[in-house]
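Trainee: sequence isn't available, so here's the structure alone:
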């Protein structure tokens, strides 16, 4: 038992301290919470696995029949131990309550209504993407030749639509996905927190072009976001943008 | 109080009869109404489909060994992954567990001469190969490409094979529902004298729970698949949004069956693992009552958690929360079983035979699948991991590490009883170690692939995943090779293996209380009766089979044995 506890402790410490962001970016605020939740589950789950595998191995070594045992040797003929059984039912149940509460906390964060979010419209079709920012009149970027940019540290509220079959909008570095369902408008919310260029991957089988239905999305600084909007002939700009004349549109601030 | 019957008082129940003479091959084997032959038929057919599903998987892994591979085109790849999943679930795992092991073993274990409705049992089997062939025929007309989950609208776009898929599933669903009715009636009505519910072997408890799930859930699948067929063939707008349909409706109908289905594929396996671990630890199963109750609990709760497959499908947030909590609850009865098996090994006298090794290998791989299942049950984690290779890893750990390992454990365990021959232990151990190591090597790296961004059901992938995918593909070829060891062992055992005694493992359940194999019709020569629980290894093993002659030693053997120091016992 004791060596298994020590191995489990080493595992838990390792999971707690190993840096994820440096080799697999946590590009949204929610990604950090999801990764921490996952670390917690990995630590606990790993400890359970260590114990189950370790005890199996230990029992096989300790209780295997020796060649000198008689052919009809038997093990101890008891049927159970009520206290032990209650313990190993209540213990995992308690653990699951803790995991459920931790999950609820992250879930609440992912579903909380943000003030003044940036609205991103995503359309998934067979076999490509279209991204739009309806608030600023930026329409139908395909994510491949023309990559959508999102400003850092501003909550994004995504609305997803499909004209044909079910797709799924996933940016692995954001740690959130939601299916794009015909007949529904589905939503997800996140707040980008790391500047970079990330992959958009369709994660629901949608036909022969499913493997190739990838795009890119960028997270940029506020200044770069303004530049991006200007370049795409936005019909309005975020409040606080420098007041330069917009091409062919009246200035209005939302 | 009924008198104890002496072995000489041979009682022949009215069900016991001799097969009529001059039966054709078809009548004697494929159309047999004897539960043992029906079970053998199921197991043989299911193993053939296991090979088909395995070949499809290996072809997929060849394609996935390198990114951008042109080995097979995307359409064919999509057909292969769809047919791999469908074949493994509906043509291998469910028939093997429900039709194979249950049919052969369960009536023996309760001391019954057959199931309650033997001709219905024959009908159940007779539906199985045509259903399988109907499914396979879809390759000729454009196989389905939408996965075994077959979500519309993309499955509405698919070729004719998708409709053939629907019809095949309905046929197979009828087959297993009829079996479930048969087994429930058999267990309730046909237990032998003394076999109270508290003396029921745990395999039979698992059959009870599994049959209840099959009975309730399979008709729902048939309904859903029937709806898909109508939508495809007659444009009935169940899933047509422009005419008021709802796309997610299919997912609810499909997963309402398919979640219990995964427990249908594992619960009989749990039951037979309980038998194997008790027998090869030579002590009573630890926590019999808890294990029996947990089977019932799993059956009930499994019907209430289906939408944890739909967290990202756009269902209401409140529903997501409910299904998360319900799914986490199911981990408790499953954990109770694992700890009870470990508790059975504690202070036992373990014999590490091939069935026992597969049982231990099952525990070691299934616990990993269970832990990743809990991770996926958490909605925020599932938002990231759903439909990635993390999910593929989880499902293969519980289905390969779970169902396949328990099927091999059961096969090695009951092989002497079914065939009357012994398997070669050395080959069995080679099979186990090779399969155990290569299965873990194949499926463990998939966890990392999924976390790092590789989604599932793709024929090609980004170059950064190339090294891991190549490793996985090579490991999967070793996995396939390990199965060949089993085939070789099986064939040589059938042709020239040592004859099996009635009870080579020293078990105490009634399935081992006959000769090997049991009498073709009726199983027992005297009415079996039990007076104690089925895991008492201090009491003598029961025997209700054909009286066995004394084994006479030939003179040469006797000389040899005397030279080695043995003496005749008088």
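Mentor: Everything's here; your move. Values in this document were obtained by computation on a predicted structure and should not be read as measured data.
Trainee: what parts of the stretch 151-300 of chain B come near chain A?
Mentor: Contact residues, the stretch 151-300 of chain B versus chain A (C-beta under 8 Å from any C-beta of the partner chain): B:151-154, B:157, B:241, B:245-248, B:281-284, B:286-290. (Each C-beta comes from the backbone N, C-alpha and C, glycine too.)
Trainee: give me that answer again for 6 Å
Mentor: B:151, B:153-154, B:241, B:247, B:281-284, B:286-287, B:290 (C-beta under 6 Å from any C-beta of the partner chain).
Trainee: show me these that map onto helices.
Mentor: Under the assignment DSSP state H, these contribute B:154, B:281, B:290 to helices.
Trainee: okay, now the first one: neighbour count?
Mentor: In other words, residue B:154. When counting by other C-beta atoms under 10 Å in any protein chain shown, one arrives at 25 neighbours for residue B:154.
Trainee: that one contacts residue A:165, doesn't it?
Mentor: Yes. Residue B:154 is within contact range of residue A:165, at 4.2 Å (criterion: C-beta atoms under 6 Å).
Trainee: need the residues touching each of these two.
Mentor: By C-beta atoms under 6 Å, 6 or more residues apart in numbering or on different chains, residue B:154 and residue A:165 have these common neighbours: residue A:206.
Trainee: one step back: only the buried subset of the residues of the stretch 151-300 of chain B next to chain A, as a PyMOL command please.
Mentor: Filtering these down to the buried ones (16 or more other C-beta atoms under 10 Å in any protein chain shown) takes a single PyMOL command:
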select buried, chain B and resi 151+153+154+241+247+281+282+283+284+286+287+290
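Trainee: list the contacts for residue B:63?
Mentor: So residue B:63 contacts B:69, B:71-72, B:77 (C-beta under 6 Å, 6+ apart).
Trainee: specify which member of the residues you listed is nearest to chain A.
Mentor: Proximity of the contacts of residue B:63 to chain A (C-beta to the nearest C-beta) peaks at residue B:77, which lies at 8.3 Å.
Trainee: quick one: that closest one and residue B:459 touch, right?
Mentor: Yes. Between residue B:77 and residue B:459 there is a contact at 3.9 Å, judged by C-beta under 6 Å.
Trainee: return the residues of the stretch 101-250 of chain A in contact with chain B.
Mentor: A:103, A:106-107, A:111, A:165-166, A:172, A:175-179, A:181-184, A:186, A:201, A:203, A:205-208, A:211.
Trainee: from the residues you listed, which land in strands?
Mentor: Using DSSP state E to define strands, the subset of these located there is A:176-179, A:186, A:201.
Trainee: tell me which two of those sit farthest apart.
Mentor: A:186 and A:201 (16.3 Å; C-beta to C-beta).
Trainee: now for residue 42: which residues touch it?
Mentor: Here I'm looking at chain A. Counting by C-beta under 6 Å, 6+ apart, residue A:42 has contacts residue A:15.
Trainee: please go with chain B instead
Mentor: Residue B:42 touches B:95, B:99-100, B:125, counting by C-beta under 6 Å, 6+ apart.
Trainee: pLDDT check: weakest of those residues?
Mentor: Across the contacts of residue B:42, the smallest pLDDT goes to residue B:99, namely 94.
Trainee: and that residue, how many neighbours does it have?
Mentor: 24.
Trainee: coming back round to it: okay, the ones in strands among the residues of the stretch 101-250 of chain A next to chain B in JSON lines with distance to residue B:421, pLDDT and neighbour count next?
Mentor: What follows is those, written out as JSON lines (distance: C-beta to C-beta, whole Å; pLDDT from 0 to 100; neighbours: other C-beta atoms under 10 Å in any protein chain shown):
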{"residue": "A:176", "distance to residue B:421": "56", "pLDDT": "95", "neighbour count": "21"}
{"residue": "A:177", "distance to residue B:421": "52", "pLDDT": "96", "neighbour count": "26"}
{"residue": "A:178", "distance to residue B:421": "56", "pLDDT": "96", "neighbour count": "22"}
{"residue": "A:179", "distance to residue B:421": "52", "pLDDT": "97", "neighbour count": "29"}
{"residue": "A:186", "distance to residue B:421": "58", "pLDDT": "96", "neighbour count": "21"}
{"residue": "A:201", "distance to residue B:421": "52", "pLDDT": "96", "neighbour count": "23"}
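Trainee: helix, strand, or coil at residue B:546?
Mentor: Following DSSP: H, G, I helix; E, B strand; the rest coil, the label given to residue B:546 is coil.
Trainee: distance of it relative to chain A?
Mentor: To chain A, residue B:546 is 24 Å away according to C-beta to the nearest C-beta, to the nearest Å.
Trainee: now that residue: phi and psi?
Mentor: Here is the backbone geometry of residue B:546 (degrees, to the nearest 10): phi -60, psi 130.
Trainee: tell me which helix or strand residue A:5 sits in.
Mentor: Using DSSP states H and E, residue A:5 maps to helix A:2-17.
Trainee: quick one: buried residues of that helix?
Mentor: Neighbour-count burial for helix A:2-17 [16+ other C-beta under 10 Å]: A:4, A:8, A:11-12, A:15.
Trainee: list the contacts of it.
Mentor: A:39, A:42-43, A:46-47, A:50-51, A:54.
Trainee: now rank those residues by neighbours and give me the top one.
Mentor: residue A:42 (22 neighbours).
Trainee: now do the SS call for it.
Mentor: Per three-state DSSP, residue A:42 ends up helix.
Trainee: averaged pLDDT, the helix ranked longest in chain B. What do you get?
Mentor: The residue-count maximum for a helix in chain B (DSSP H) belongs to helix B:202-234. For helix B:202-234, mean pLDDT rounds to 97.
Trainee: show me what that helix is packed up against.
Mentor: Contact partners of helix B:202-234 among helices and strands, from 3 or more C-beta pairs under 6 Å, 6 or more residues apart in numbering or on different chains; DSSP states H and E: helix B:102-109, helix B:160-189, helix B:248-264, helix B:267-281, helix B:288-302.
Trainee: so what touches the third one?
Mentor: Applying C-beta under 6 Å, 6+ apart, the external contacts of helix B:248-264 come out as B:152, B:210, B:213-214, B:217, B:220-221, B:224, B:239, B:298, B:302-303, B:305-306, B:309-310, B:313.
Trainee: what angle do that helix and helix B:267-281 make?
Mentor: Interaxial angle, helix B:248-264 versus helix B:267-281 (axes from the mean of the first three to the mean of the last three C-alpha atoms, to 10 degrees): 20 degrees.
Trainee: how distant is helix B:248-264 from the center of its chain?
Mentor: 18 Å (C-alpha atoms, centre = their mean, to the nearest Å).
Trainee: for stretch B:152-159, same thing?
Mentor: The chain centre lies 30 Å from the centre of stretch B:152-159; the measure is C-alpha atoms, centre = their mean.
Trainee: start to end distance for it?
Mentor: 13 Å (C-alpha to C-alpha, to the nearest Å).
Trainee: can you pull the buried residues of that stretch?
Mentor: For stretch B:152-159, by 16+ other C-beta under 10 Å, it's B:152-158.
Trainee: contacting residues around the residue lying closest to residue A:73 once chain neighbours are set aside?
Mentor: Nearest residue to residue A:73, sequence neighbours excluded (C-beta to C-beta, 6 or more residues apart in numbering or on different chains): residue B:349, at 4.6 Å. By C-beta under 6 Å, 6+ apart, the contact set of residue B:349 is A:65, A:73-75, B:282.
Trainee: sweet, I'm off.
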